[in-house]
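Participant: Show me the folded form of this:
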Amino acid sequence: MNARAQEQALPLALRAMREDDLAAVQLIEARAYEFPWTLGIFRDCLRADYPAWVLYNDERIVGYFLMSIAAGEAHVLNICIASELQGQGHGRRLLHALLKMARARSVARVFLEVRPSNANAIALYHDEGFNEIGRRPRYYPAKDGREDALVMAMELLPAEGG
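Facilitator: Numbers count the residues shown, from 1 in each chain. Below you'll find the model as predicted:
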């Protein structure tokens, strides 16, 4: 088994993001996006005490998410899987964990923005129950200026037993 296959075979777990994770998180971000978040943005989110979690194995962090929660609503700020591990269900796993945490905090609705050019993410969000509710014109930086954002939302059912 080659090194990549061995790493992919390692069990993945979730834990709260820590300050000492930020360099690894920002590296994943920089490899995945043409216009990545800066280290400072991640640090500010942690300092603001936003729910922030990493998906990791014994070797390294392979993905993360950050969200904000206020007034019974959650906003997915960022969710990302290392580029070389995308398409294996890890993003769905992170999204499920995020939604479970939101339900546990009595969130009724979750919002997110996604680039219209990100067909894989849009398909995942639709598959998981998000619906497009609007557009934010010129929201994202892009090579040729700015790209709109699709605004998506999902109504959450209360957590079972609660």
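Participant: Tell me which helix or strand residue 91 sits in.
Facilitator: Under the criterion of DSSP states H and E, residue 91 resides in helix 90-104.
Participant: What helices and strands are in contact with that helix?
Facilitator: Contact partners of helix 90-104 among helices and strands, from 3 or more C-beta pairs under 8 Å, 6 or more residues apart in numbering; DSSP states H and E: strand 52-56, strand 61-70, strand 73-81, strand 109-114, helix 119-127. The way it works is simple: take the backbone N, C-alpha and C, and place the C-beta from them, glycine included.
Participant: neighbouring contacts of it?
Facilitator: Contacts made with helix 90-104 from outside it, assessed by C-beta atoms under 8 Å, 6 or more residues apart in numbering, are listed as 12, 14, 51, 53, 55, 62-65, 67, 69, 74, 76, 79-81, 110, 121, 124-125, 128, 154, 156-159.
Participant: That helix: how far from the chain's middle?
Facilitator: Helix 90-104 has its average C-alpha position 9 Å from the chain's average C-alpha position, going by C-alpha atoms, centre = their mean, to the nearest Å.
Participant: and it, average pLDDT?
Facilitator: Averaging pLDDT along helix 90-104 yields 96.
Participant: go on, stretch 39-56?
Facilitator: pLDDT averaged over stretch 39-56 equals 97, rounded to a whole number.
Participant: And stretch 69-83, by the same measure?
Facilitator: In this model, stretch 69-83 carries a mean pLDDT of 96.
Participant: How far away from the center of its chain is that stretch?
Facilitator: Taking the mean C-alpha point of stretch 69-83 and that of its whole chain, the gap between them comes to 6 Å (C-alpha atoms, centre = their mean).
Participant: Determine how far the last residue of that stretch lies from the first.
Facilitator: End-to-end distance of stretch 69-83: 27 Å, with C-alpha to C-alpha, to the nearest Å as the criterion.
Participant: what does it contact?
Facilitator: Around stretch 69-83, the neighbours that count as contacts under C-beta under 8 Å, 6+ apart are 28-29, 31-33, 37, 45, 50-51, 55, 62-68, 90-91, 94-95, 98, 102, 105-112.
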